[in-house]
Structures are given as structure tokens and as C-alpha cells.
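>>> when you get a sec, could you give me coordinates for this:
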Amino acid sequence: MVVKKLIALGTLPVLLSGCFVPLIVGGTAVVGTAATESRGIDGVARDNRIRSEITYKWVVEKADATGIDVTVYNGKVLLVGHVKDQLTEKKVLEALKKVSGIKQVINELKVGGGEGFDEFTRDAWMTTKLKSNMMLNNKIPFQNYTLRTFDKTIYIFGIAQSREELDAVLKEARAIKGVKSVKSFIEILATKKPLKRGEDPYAQKEGIAFQNPETPKEK
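I've put the predicted structure just below:
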């Protein structure tokens, strides 16, 4: 199913070529590159390692994760999609306990049912539209954000340089036509000086000033 979607979107040939592009899978999209985003190359590599280890554990534990999409950002793991029953969901979550480096698991899985093509294209459109709007907004360094959309809910991960930037991102997300809800996992970064659009803040990182109070608590 995933391969068919990638082919339909014209994404699979690019993946096979070894090039990096924003990737849309299962109604979601990845925004940003390791070279320019706030996590830095080490942070992106760490999150990629966690994601790879998760998928490996699912195979080893024989957990059916066919309908699940995984996002990892700064050690936070978001699971969206469908599982066939509660036993499958439990097995999927149990496997994550054997993966090192996970700080938080955000379980947004739905038991039963499945994502139809109409739902998939709708969610993909929302993600693409938000990504485009963020790129056009000069208040937002869009490369610092990772987006996922599932069941008309937009999930946003990233590191904002200020409360004003965070508010600008949330405003853009809430303005997307048809969005049901916006769940923010954006952190605010303390820096020595204001950063210009496109400037890499990673070298100036002193720590997270505070976690966005709108972030849902871990289930």
C-alpha cells in the first residue's frame, strides 16, 4: 500500500535515486533538512536511528505495524494510523520500550478501520498547504519544523526562536481549510541573539527555555 502511494505521488523514483526531498507518506510530510534545521546533523541522525530501531523491533517482535506512520523529533515518537485490534496496539507499544533514546511516546493510533485514498489525499493536501504557507511567511524559518497530518489533525514538531514565531506557526496551521485540530510539540529555544531567516541556530543553542504549554501530556 505504501509503495503504491509513493508511486502515485511520484516520490518513489526520487527515493530510489538517493536524493533528499520533502517526503509525503501516509498523508504526512517532512519539512527541513539536517544541514539547516535547529536539531543539527547530530540530532537528525539520532532521531533517524531511533526510527530505524523502532521499525526493526517491530519486525523482530512480529508486531503488525502495516498501517502505522512514525515521526521522531528530539526523542519524541509520534504514532499515527490504524491497527486491527487492541492486542496489536499493545504489541506495537511494548516493542517501543526496548528502543533506547525515546523521551516520549505520543500514541494517536486508531483501532480498527483504515485510511481510504480520499482521506489520505486530504491529509496530504493539508500538510502540503501548511508547508507552503510557512515557506512564504518571513517570520517562520520553515526548515526547523516537521509536520504530520492524520485524520484532519495537524501535528507540529520543531524549535521556535521566540514565542512570536511559535504563535505565527500555530496561526498558519489553524487557518488551513478543513483542519479539525492542531497539536503542537514545538519547543522554544533560548539563544544569545536573534537569528536571521535561514541562519543555523544550532551552534548558539543554550537549551530549551520552556516547553510549549499547549503540548498534550504523554498518554
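
>>> please enumerate the strands of this protein.
24-25, 28-29, 68-73, 76-83, 104-111, 145-150, 153-160, 181-189, 208-211 (DSSP state E).

>>> so can I have TSV of those strands showing mean neighbour count?
To be clear about C-beta, it is placed using only N, CA and C from the backbone, and glycine gets the same treatment. Shown next, in TSV, are these (neighbours: other Cβ atoms under 10 Å):
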stretch	mean neighbour count
strand 24-25	20
strand 28-29	22
strand 68-73	22
strand 76-83	22
strand 104-111	16
strand 145-150	26
strand 153-160	24
strand 181-189	19
strand 208-211	12
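
>>> for Ala175, find the nearest of the ones you listed.
Nearest of the strands of the chain to Ala175, taken as Cβ to Cβ: strand 181-189 at 9.9 Å.

>>> helices or strands next to that closest one in the packing?
If contacts are counted by 3 or more Cβ pairs under 8 Å, 6 or more residues apart in numbering; DSSP states H and E, strand 181-189 sits against strand 153-160, helix 163-174, strand 208-211.

>>> turn those into CSV, columns for mean pLDDT and distance to Pro141.
What follows is the helices and strands packed on strand 181-189, written out as CSV (pLDDT from 0 to 100; distance: least, Cβ to Cβ, whole Å):
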stretch, mean pLDDT, distance to Pro141
strand 153-160, 96, 9
helix 163-174, 96, 8
strand 208-211, 42, 17
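
>>> got the ones you listed as TSV, with distance to Glu37 columns?
Formatted as TSV, these follow (distance: least, Cβ to Cβ, whole Å):
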stretch	distance to Glu37
strand 153-160	8
helix 163-174	14
strand 208-211	15
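
>>> if we can go back for a sec, out of the strands of the chain, nearest to Tyr56?
Across the strands of the chain, closest to Tyr56 is strand 68-73 (Cβ to Cβ), at 11.8 Å.

>>> output that closest one as CSV, nothing but the C-alphas.
Extracted in CSV, the C-alpha atoms of strand 68-73 (Å, rounded to 0.1, in the frame of the first residue of the first chain):
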residue,chain,number,x,y,z
ILE,A,68,1.3,3.0,11.2
ASP,A,69,3.4,6.1,10.4
VAL,A,70,6.2,7.0,12.7
THR,A,71,7.6,10.5,13.4
VAL,A,72,10.6,11.0,15.7
TYR,A,73,11.7,14.5,16.7
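
>>> before we move on, the earlier item: among the helices and strands packed on strand 181-189, which comes closest to Gly114?
strand 153-160 (16.8 Å).

>>> what angle sits between that closest one and helix 163-174?
160 degrees (axes from the mean of the first three to the mean of the last three Cα atoms, to 10 degrees).

>>> worst average pLDDT in the strands of the chain?
Note on the strands of the chain: lowest mean pLDDT is at strand 24-25, with a mean of 35.

>>> related to what we said a few turns ago, reformat the strands of the chain as CSV; add distance to Glu172.
Shown next, in CSV, are these (distance: least, Cβ to Cβ, whole Å):
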stretch, distance to Glu172
strand 24-25, 18
strand 28-29, 14
strand 68-73, 18
strand 76-83, 19
strand 104-111, 21
strand 145-150, 10
strand 153-160, 10
strand 181-189, 10
strand 208-211, 20
